[in-house]
Each structure stands twice: as C-alpha cells, then as structure tokens.
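>>> Pasting a predicted model and its sequence here:
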Amino acid sequence: QQQVKQSPQSLIVQKGGISIINCAYENTAFDYFPWYQQFPGKGPALLIAIRPDVSEKKEGRFTISFNKSAKQFSLHIMDSQPGDSATYFCAALNAGGTSYGKLTFGQGTILTVHP
Amino acid sequence: GAGVSQSPSNKVTEKGKDVELRCDPISGHTALYWYRQSLGQGLEFLIYFQGNSAPDKSGLPSDRFSAERTGGSVSTLTIQRTQQEDSAVYLCASSLGVPHSSYEQYFGPGTRLTVT
C-alpha cells in the first residue's frame, strides 16, 4: 500500500515561473515531512523539511505548505531556474514510532525548467 | 567533514553470485539506513541501524538480503544469490539519530547494481 502519493509525475516550467509539486499521505502518525532533490547519478539531497506544528516553511526560493487536516503537503519553487531541473521526492516519517528513521517516499516528480 | 560515501559506485555481477556493498556514514552519525531505488518501485526502505540497538530489518525483501554494521560506523549490505530483479541503485544514508531528535538523513551517491 503506497502511503505517500506524489503528483505530477513530470512538470515543465518556464524560467522564472513557479513549480508546484503535491503530496498526500495516509498515515496520520507521520510527523516529519522532508523534500529531496536528486540529480542524475547522484543521491537524493535534503532540500527542506517541515513538522506538522507549522503550516508553512520557507527557505530561499523553496516553500513547503502543509495542510494537516487534508493530509497534504506541497513544495513551491519560486522563480524556477534551469539549474532546478531535477527529480524531486517528498517523504514522510513517524519519528515516534517503532520504525523511527524509516522514510516513506513519494514516487518522484521530474521537473524540467526551460530557459 | 566528508559526506556519506559508498563503494563500489557500480557493480555488474552474474545471476547467482553474491555481492557486498559498502557504506561509510558521516562521522558522528549514529543512525544508518539502506534504501533501494529502482524504476518500478521508486525509493524503498531496506534496513535501519541505530547505535548498538537491534536493526530494523522490516524492509528487507527476502532472506537473501542482509546487512551489518561494524563498530557503529561502516555498514555492509550483502545480497546472496543475486537475481535480475535485484538490479537497482542501493543508497545509504546517515543521520545524527537518537537522542538528538534530528531526523535529517543525508544520502550517499549510491551503488548501481546490475545483475546479468
């Protein structure tokens, strides 16, 4: 059973535009939600993360919006640049559970930013 | 210091052979994780080590897979009698772990395993 659903599978944005990637989760015990960025041939790199006690977190051009009641969270990339072209993964973790440390990932979104 | 390192970066093996994949976590990180990334299954959790506690092996797909962590640092993932469906990128990650309450996991570059 897929516990984190991510959409869209692929996204094409013009330079300077806003990229939005959405994730929905099922397990209400999840309490840590990171986003990872992965370039071809590299491991995933932590981009930004949020805990459910806040509804939004911003770091530079990257913002996470979190809706606890809807069990959804999203990544917004403002002023998207060609260098942002990569695969993005959302993930979730239950920090208080017996499976502490186990990240459950979404299926990934391939972002292409055209110059 | 240095990030998570993994070796080899690429491994091609024949079906039925055993392989060992190595992970060196970030110095001072007590938690270590193995994940598998494949086209069909995305990123899947395999196993988690925290200090000297018994590992969480709940993600290992079969008894052909095993992992150990020696001296609380380096880890080796072993796949016995490899099958073609084992072909994937095997990723290692580490974090500060308990009791730091830091959940940030830092990934290595991965080992691409191809079983022919």
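In hand now; what should we look at?
>>> Without its sequence neighbours, what residue ends up closest to residue 23?
Answering for chain A, as no chain was given. A:C90 (3.7 Å; CB to CB, 6 or more residues apart in numbering or on different chains). C-betas here are computed from N, CA, C, even on glycine.
>>> was after chain B, sorry
B:C92 (3.4 Å).
>>> Would you mind measuring from the one you found to A:A29?
With distances taken as CB to CB, to the nearest Å, B:C92 is found 25 Å from A:A29.
>>> now swap in A:H114 and tell me
Taking CB to CB, one finds A:H114 at 40 Å from A:A29.
>>> Check chain B for the residue nearest chain A and tell me.
For chain B, the nearest residue to chain A under the criterion CB to the nearest CB is B:F107, separated by 3.6 Å.
>>> Now for that residue, how many residues are close by?
Residues within reach of B:F107, counting by other CB atoms under 10 Å in any protein chain shown, total 23.
>>> ok, now which ones touch it?
Applying CB atoms under 8 Å, 6 or more residues apart in numbering or on different chains to B:F107 gives the contacts A:Y36, A:G43, A:P44, A:A45, B:V4, B:Y35, B:L91, B:C92, B:A93.
>>> Can you name the residues bridging to it?
For B:F107, the residues forming beta bridges with it (DSSP bridges) are B:A93.
>>> tell me the phi and psi of A:P82?
When read as degrees, to the nearest 10, the backbone of A:P82 gives phi -50, psi -30.
>>> show me the contacts for it.
So A:P82 contacts A:K15, A:V113, A:H114, A:P115 (CB under 8 Å, 6+ apart).
>>> Would you mind checking those residues for buried ones?
Among the contacts of A:P82, those classed as buried by 16 or more other CB atoms under 10 Å in any protein chain shown are A:V113.
>>> tell me the two of the contacts of A:P82 that are most distant?
Maximum pairwise distance among the contacts of A:P82 (CB to CB): 7.7 Å, between A:V113 and A:P115.
>>> Now do the shared contacts for the two.
Common contact partners of A:V113 and A:P115 (CB under 8 Å, 6+ apart): A:K15, A:P82.
>>> now the strands for chain B?
Along chain B, the segments classed as strands by DSSP state E run B:5-7, B:10-13, B:19-24, B:31-38, B:42-50, B:65-69, B:75-79, B:88-95, B:106-107, B:111-115.
>>> so can I have a markdown table of those strands showing mean pLDDT and distance to A:S19?
What follows is those, written out as a markdown table (pLDDT from 0 to 100; distance: least, CB to CB, whole Å):
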| stretch | mean pLDDT | distance to A:S19 |
| --- | --- | --- |
| strand B:5-7 | 97 | 29 |
| strand B:10-13 | 98 | 31 |
| strand B:19-24 | 98 | 32 |
| strand B:31-38 | 95 | 22 |
| strand B:42-50 | 92 | 20 |
| strand B:65-69 | 96 | 36 |
| strand B:75-79 | 97 | 34 |
| strand B:88-95 | 96 | 24 |
| strand B:106-107 | 95 | 22 |
| strand B:111-115 | 97 | 28 |
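>>> Adding distance to A:K71 as columns, could you present these in a markdown table?
Shown next, in a markdown table, are these (distance: least, CB to CB, whole Å):
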| stretch | distance to A:K71 |
| --- | --- |
| strand B:5-7 | 34 |
| strand B:10-13 | 39 |
| strand B:19-24 | 33 |
| strand B:31-38 | 23 |
| strand B:42-50 | 19 |
| strand B:65-69 | 32 |
| strand B:75-79 | 33 |
| strand B:88-95 | 25 |
| strand B:106-107 | 26 |
| strand B:111-115 | 34 |
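>>> Which positions in chain B make contact with chain A?
B:4, B:31, B:33, B:35, B:42-45, B:48, B:50, B:56, B:58-59, B:91, B:93, B:95, B:97-98, B:101, B:103-110 (CB under 8 Å from any CB of the partner chain).
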